[in-house]
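Trainee: Mind looking at a prediction? Sequence and model below.
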Amino acid sequence: MTQKVSLKDIWKGETVAILGAGPDMTEELAQKSYQYKTIAVNRAIKFAPNADMFVALDPHHPFWDDAKDFNGIKICGVECDYDAVYIGMLYEKVKIAGGVIEIRNNALAAIRIAEIAGAKKIILLGFDPERYEEIHAHTGFIGLKEGLEQITSELRSKGIEVERIDSPNQKPGTRPARRSEIDPKTFPQVKK
């Protein structure tokens, strides 16, 4: 059963690596976090089973199945039956072209948690807000790109260093080519 906790300054002065759940997340990126306090967001728990913290605000998501044997701090957004703690949903007000919206996003919540925990530096690994927006455009999940820019700017103004490291294997913000866009001559050829 969850219990409400305060994470204030539990990592005061530390560097905190946050492993995002974007398509940019890879084993190689996860290895860059090993020397720091680490927060794994959603599916990133597969890349960092020994992280210090797991964040998945929605208790009804299958990512919780991947974290059942996780020994670090588990963060849920609400009270639930998981062996976890909750700190609330952590909505962010985000300015977008059409005005201001409030969004709930696990990656942004993890950044806010690192701030609350007293991080002096936050390293973002496996974040791909451009791709996230592209994938979720039809669902109404918007504002992550702007939200990440705004929270990063806010933290820097408070003296917290924020660094984003992307995978060299994928290009954040790009989508894989659709079949209709691939030249069939480039397909692997099978000899008859």
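Mentor: Happy to help now that I have it.
Trainee: Show me what the helix or strand His136 falls within is packed against.
Mentor: His136 belongs to helix 129-136 when elements are defined using DSSP states H and E. In this structure, helix 129-136 makes packing contacts with helix 144-157, judged by 3 or more C-beta pairs under 8 Å, 6 or more residues apart in numbering; DSSP states H and E. Backbone N, C-alpha and C define where each C-beta goes, glycine included.
Trainee: Show the average pLDDT along the helix it packs on.
Mentor: Here helix 144-157 scores 94 as its mean pLDDT.
Trainee: which residues are in contact with that helix?
Mentor: With contact meaning C-beta atoms under 8 Å, 6 or more residues apart in numbering, helix 144-157 is reached by 92, 94-96, 103, 105, 107-108, 111-112, 115, 122, 127, 129-130, 132-133, 162, 164.
Trainee: Give me the angle between the helix or strand following that helix and helix 129-136.
Mentor: Going down the chain from helix 144-157, the next helix or strand is strand 161-165, by DSSP H and E. Taking axes from the mean of the first three to the mean of the last three C-alpha atoms, to 10 degrees, one finds that strand 161-165 is oriented at 60 degrees with respect to helix 129-136.
Trainee: for strand 161-165, the distance to its chain's centre please.
Mentor: 13 Å (C-alpha atoms, centre = their mean, to the nearest Å).
Trainee: any idea of the angle it forms with helix 144-157?
Mentor: Taking the same axes, to 10 degrees, one finds strand 161-165 and helix 144-157 inclined to each other by 140 degrees.
Trainee: Strand 161-165 - which strands sit beside it in the sheet, and in what orientation?
Mentor: Strand 161-165 has its sheet partners listed here by DSSP bridges as strand 121-125 (parallel).
Trainee: Could the C-alpha coordinates of the strand it pairs with be exported in PDB?
Mentor: Taking C-alpha atoms only, strand 121-125 is exported to PDB below (Å, rounded to 0.1, in the frame of the first residue of the first chain):
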ATOM      1  CA  LYS A 121      22.700  18.800 -11.700                       C
ATOM      2  CA  ILE A 122      20.200  16.800 -13.700                       C
ATOM      3  CA  ILE A 123      21.200  14.700 -16.700                       C
ATOM      4  CA  LEU A 124      18.400  13.700 -19.100                       C
ATOM      5  CA  LEU A 125      18.900  10.500 -21.000                       C
END
